[in-house]
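A.B. asks: Show me how the following folds:
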Amino acid sequence: MLVGAVNKLINIDKLCIGKGLLLSTGSMITGGEVLGNHIVVATSSVVTKSFLEGNALLVGMPAVKKVDRPDYYLLFKGESKQRVDAIETLEIKMEFE
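C.D. replies: Numbering: from 1, shown residues only. Next comes the predicted model:
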């Protein structure tokens with residue numbers, strides 16, 4: 001079980017969440033859904049189905065995909081970008097996904 005932003009218990013036995021989920025205040029995931037990487041669920045939205053594609057903003061009751069978002073790390077510049085590039089190079093060398 002997981003306590004959501006509205007302090008309700010969520011059954012996570014069948015829930016699969018990718019990396020970097022942002023669950024805004026008052027939003028809920030009803031359970032059993034699969035969410036891709038870097039999903040943002042807007043305030044007071046209710047996710048009732050799976051969204052396999054990542055980098056999306058989900059809005060509404062029931063939630064629908066509103067916009068595609070770029071990978072957040074693509075917006076980095078300077079030293080931060082160099083660090084991300086170094087990590088990605090290491091991941092490739094170590095054969096991580």
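A.B. asks: Please enumerate the strands of this structure.
C.D. replies: 2-3, 9-10, 16-17, 22-23, 28-29, 34-35, 39-41, 46-47, 56-59, 64-68 (DSSP state E).
A.B. asks: of those, which approaches residue 80 most closely?
C.D. replies: When the strands of the chain are compared by CB to CB, strand 22-23 sits nearest residue 80, at 19.3 Å. Backbone N, C-alpha and C define where each C-beta goes, glycine included.
A.B. asks: Run me through the strand neighbours of the closest one, direction for each.
C.D. replies: Strand pairing for strand 22-23, using DSSP bridges, gives strand 39-41 (parallel).
A.B. asks: Check what contacts the partner strand and list those residues.
C.D. replies: Under the criterion CB atoms under 8 Å, 6 or more residues apart in numbering, residues 17-18, 20-24, 27, 29, 47, 51, 54-58, 63, 69 lie in contact with strand 39-41.
A.B. asks: what is the mean pLDDT for it?
C.D. replies: The pLDDT scores in strand 39-41 average 90.
A.B. asks: Find out how far that strand is from the centre of the chain, if you would.
C.D. replies: 5 Å (CA atoms, centre = their mean, to the nearest Å).
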